[in-house]
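> task: produce atomic coordinates for the following.
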Amino acid sequence: MADELCSDQRAVVKFNFSHSGVGQEDLVSFSRLDLFEKNNYTFEVEDVGHVLKWIQNESSFRNVDKIHLMGHSRGGGIAILAEQKYQSFSSLITMASVCDFENRFPMDQKLEDWKKNGVFFAVNGRTGQKMPHGIQFYHDFIENQEKLDIKRSMKSVDVPTLIIHAGDDKAVHISAAKKLKKWNPKAEMLMMASGGHTFDLKHPWEQSELPQALLKVLEEIKAFLS
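Have a look, this model is predicted:
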């Protein structure tokens, strides 16, 4: 996907969050579950700031006054928050983005068990690994709830924005995209009829060609950036 965007003389910087659980050597499975357990939304927003600063100070890049921010799924929510925090981006693109972090936490007895045990495990559907979530993840959100309010940030975004979502997304319902559009009516919106949460892509992608759904998305992104 990055290669495709670079074909139009753009530079693309892709990165893993510092506490994503992805190590330096294995980019397919999660080799740093110790970091994953300590992750939280605040770290992820700050990571965007670190990458932004690196881009601005990296002499090999041209036109660093025009930096576009793009995030997928949970990363879409982080991108919205980061756009507001740093206000150094020329545009914002979200793909299958969440619209709220609070409603994605466990509730009722599951939440009480999490608080009691200090950690809960969720099985990764792709790798089968048990992913540990430390309770500090929840506490960090509660302590920084206003700063991590996607609705509040989206309402204040004043750069060109493109919202992309598929109608058959089972991981993040299409209603999330509609809420983002409602909160920021000036944003452009691309509603794909199909493609699912990853626009027919899967990781690792071992084919030489990208799926048609993602190629359509990339076509729209290129037009938007132009």
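
> in terms of helices and strands, where is the residue nearest the centre of the chain?
Closest to where the C-alpha atoms of the chain average out (CA atoms, centre = their mean) is residue 75, at 1.0 Å. Using DSSP states H and E, residue 75 sits within helix 74-86.

> export that helix to CSV, keeping only CA atoms.
Presented in CSV, the C-alpha positions along helix 74-86 are these (Å, rounded to 0.1, in the frame of the first residue of the first chain):
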residue,chain,number,x,y,z
ARG,A,74,-8.1,2.1,16.2
GLY,A,75,-5.3,4.0,14.4
GLY,A,76,-7.9,6.2,12.8
GLY,A,77,-9.1,7.3,16.2
ILE,A,78,-5.5,8.0,17.3
ALA,A,79,-5.0,10.0,14.1
ILE,A,80,-8.0,12.2,14.9
LEU,A,81,-6.6,12.9,18.4
ALA,A,82,-3.1,13.5,17.1
GLU,A,83,-4.3,15.9,14.4
GLN,A,84,-5.8,18.1,17.1
LYS,A,85,-2.9,17.7,19.6
TYR,A,86,-0.1,18.6,17.2
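
> residues contacting the residue nearest to the centre of the chain?
Counting by CB atoms under 8 Å, 6 or more residues apart in numbering, residue 75 touches 44, 97. Quick note: C-beta positions are derived from backbone N, CA and C, even for glycine.

> so it versus residue 185, what's the distance?
Going from residue 75 to residue 185 by CB to CB, to the nearest Å gives 23 Å.

> before we move on, back to that, can you name the next helix or strand after the helix holding residue 75?
Scanning forward in sequence from helix 74-86 by DSSP H and E, the next helix or strand is strand 91-95.

> can you tell me the average pLDDT over that next one?
Averaging pLDDT along strand 91-95 gives 98.

> compute the inter-axis angle for that strand and helix 74-86.
Angle between the axes of strand 91-95 and helix 74-86 is 160 degrees (criterion: axes from the mean of the first three to the mean of the last three CA atoms, to 10 degrees).
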